[in-house]
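[1] The sequence isn't on hand, but the structure is:
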């Protein structure tokens, strides 16, 4: 019961943190900028490539592939880093040690923060995708093949939920590092985001990566999530939706179990080393 | 059952050259409803002790129990009955109101929302915070932020509260109201309060018992009155002219336990306060000042204060210690 209440309160705090610094509508709209920019920039690069390279021809389905992939990548990036932010901010405001003292572990708090970030990111990513679809379609005079009906939206929602354990896993791992970091903790998520962009199949198929990287990339829950989510709304991707969902969910759960263990171990060690209440530089 | 009990509590920190011993075999017992002061200079081990007792840090030796629960092996049980606050931190989320900050922490403790709201209202009323509850945390003055921090430390009805310099940087009236609140919580609600401080007057005023700690060790423990009586004879106070710094000769006199000095430029005087074991040491101290060519404008004996006890036990004046630290 305490954990549920803590989880809800932590999610509430996440909403406050992400939306209450200005009017909720304004902050929500501002958070559309990152996934929208991600979708637009990658899509326009693709379009330019087809215009100026004789080897490539423009394919609206391909445009849909990169547009959806880059938006979903931005979605994962938006909330998987939340524990890093929550811990760093908590240490800066000196609230983190007090959160630690309220329960068995701060994992409940960072999980709640991630849930709120997930909800906000789902809303902003979908708004970004819809806007990018409209802007790119008008700008490039292209009929981007997206399937939007109750069935495809439901499949997309299932895919987004199936990715939660995987994103939590990444969050716990990065959070474990943040428990120790006294500076530069922001940089690690940036490096991981770069790797994720290459290995998650967000912009191109993982099959073009050299072996064994291609195989390793295929086993990532994030790759499976993006493949499943993409196949829910982009026709003809050739992906087995349910197989990807199962891989994403099981891979995510396994990784989450491991990451949570790492986080709890890091927390115990941080207590031993006396860094839980260390202020950040 | 004591609220807080420790035996041989030790904490070493790794360092490049050799381990730094922050706490060196601390043994203590604090009863329920007691306000227990921990006095010590910077780096004495006060905060380390509080961090261990509040389960933020593991000891490297010895043991400690809070309400019968071992801090090392049963931290979850300890956390259910404690809370803590530090005056230096004023911890809170800047972008939400003081009320929502308090509510948030109450939820982390699993308190039903309605009960939490009632508790927050009660605490705010007692601490004079009610009018400012809806202000965002960053918009509160230092004093009200500190009141909110103190309120947070009591929101879960803890049996033991650890406070580190709770009134640091506050004006006299705010500090006084916080002290009254703390005393009330101990007297009326039987909470045990462990108060780490540099503020001798504060500790003297509200603590039932005091431990003086330095270099990780408890040097003395008792009620403020017992500690003051332990010095035996009243201290010697001298007004010396012309003003100057450095009275190291005093520390070489047998029976002199410690001293402090302060310069009053406007009066052209220096006030030297010497903690002595006996009257002979007081006379010798006065003679030593005169033998250095200084004029003793006035001298009198004064009943020892907690500060003098502290000086006597720690062994040197604050100024000398600061210089040592700076060096």
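    Great, that's in hand. Bear in mind that the values here come from a model prediction, so they are computed numbers and not experimental data.

[2] Okay, the closest residue to residue B:67 other than its chain neighbours and residue A:119: tell me how far apart.
    Excluding the flanking residues, the one nearest residue B:67 by C-beta to C-beta, 6 or more residues apart in numbering or on different chains is residue B:81, at 4.7 Å. Placement of C-beta: from N, CA and C, glycine included. To residue A:119, residue B:81 is 35 Å away according to C-beta to C-beta, to the nearest Å.

[3] re earlier: and for the residue nearest to residue B:67, the neighbour number?
    Neighbour count of residue B:81, defined by other C-beta atoms under 10 Å in any protein chain shown: 17.

[4] list the contacts for it?
    By C-beta atoms under 8 Å, 6 or more residues apart in numbering or on different chains, the contact set of residue B:81 is B:66-67, B:69, B:158-160.

[5] Let's see if you can find the most crowded of the residues you listed.
    In the contacts of residue B:81, the most neighbours by other C-beta under 10 Å go to residue B:66, 29 neighbours.

[6] And for that one, nearest residue in space, chain neighbours not counted?
    residue B:78 (4.7 Å).

[7] ok, that neighbour touching residue B:67?
    Yes: using C-beta atoms under 8 Å, residue B:78 is in contact with residue B:67, at 7.3 Å.

[8] Distance from the chain centre to stretch A:83-101, please.
    21 Å (C-alpha atoms, centre = their mean, to the nearest Å).

[9] cool, stretch B:167-180 as well?
    Using C-alpha atoms, centre = their mean, the offset of stretch B:167-180 from its chain centre is 14 Å.

[10] what's in contact with that stretch?
    When contacts are defined by C-beta under 8 Å, 6+ apart, stretch B:167-180 is touched by residues B:87-88, B:127-128, B:142-143, B:146-147, B:150, B:166, B:198-199, B:202, B:205-206.

[11] Show the buried residues in the residues you listed.
    Neighbour-count burial (16 or more other C-beta atoms under 10 Å in any protein chain shown) is assigned, among the contacts of stretch B:167-180, to B:87, B:127-128, B:143, B:146-147, B:150, B:166, B:198-199, B:202, B:205-206.

[12] Near chain A, which residues of chain B? Just list them.
    Residues of chain B found near chain A (C-beta under 8 Å from any C-beta of the partner chain) are B:13, B:51, B:54-58, B:75-76, B:79, B:82-84, B:86, B:89-96, B:100, B:103-105, B:107-110, B:152, B:156.

[13] hmm, try it at 7 Å
    Contact residues (C-beta under 7 Å from any C-beta of the partner chain) of chain B with chain A: B:13, B:51, B:54-58, B:76, B:79, B:84, B:89, B:91-96, B:104-105, B:107-110.

[14] Quick check: which element contains residue 25?
    Reading this off chain A. helix A:24-30 (DSSP states H and E).

[15] wait, I meant chain B there
    Short version, using DSSP H and E: residue B:25 is in strand B:20-30.

[16] Residue A:78 too?
    Here residue A:78 sits within helix A:60-80, counting by DSSP H and E.

[17] for the record, mean pLDDT for that helix?
    For helix A:60-80, mean pLDDT is 91.

[18] Packing partners of that helix?
    Where contact means 3 or more C-beta pairs under 7 Å, 6 or more residues apart in numbering or on different chains; DSSP states H and E, helix A:60-80 is packed against helix A:33-52, helix A:107-140, helix A:164-180, helix A:187-199, helix A:221-233.

[19] Buried residues, the third one. List them.
    Of the residues in helix A:164-180, those buried by neighbour count under the rule 16+ other C-beta under 10 Å are A:164-179.

[20] What of the fourth one?
    The neighbour-count check on helix A:187-199 (16+ other C-beta under 10 Å) flags A:188-189, A:192-193, A:196-197, A:199 as buried.

[21] Give me the distance from it to the chain's centre.
    Taking C-alpha atoms, centre = their mean, one finds the center of helix A:187-199 at 11 Å from the center of the full chain.

[22] elements contacting it?
    Against helix A:187-199 (3+ C-beta pairs under 7 Å, 6+ apart) you get helix A:60-80, helix A:164-180.

[23] Could you provide those helices in a markdown table, with additional columns for distance to residue B:279?
    Below are the helices and strands packed on helix A:187-199 laid out as a markdown table (distance: least, C-beta to C-beta, whole Å):
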| stretch | distance to residue B:279 |
| --- | --- |
| helix A:60-80 | 74 |
| helix A:164-180 | 58 |
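
[24] Of those, which is nearest residue A:143?
    Residue A:143 sits nearest to helix A:60-80 of all those, at 5.9 Å, using C-beta to C-beta.

[25] what inclination does that closest one have with respect to helix A:187-199?
    160 degrees (axes from the mean of the first three to the mean of the last three C-alpha atoms, to 10 degrees).

[26] Domain-wise, how is chain B divided?
    For chain B, automatic domain parsing gives the domain ranges B:4-224, B:231-326.

[27] Could you pull up the residues touching the one residue in the stretch 101-250 of chain A that gets nearest to chain B?
    Residue nearest to chain B within the stretch 101-250 of chain A (C-beta to the nearest C-beta): residue A:102, separated by 3.8 Å. Contacts for residue A:102 (C-beta atoms under 7 Å, 6 or more residues apart in numbering or on different chains) come out as B:79, B:105, B:108-109.
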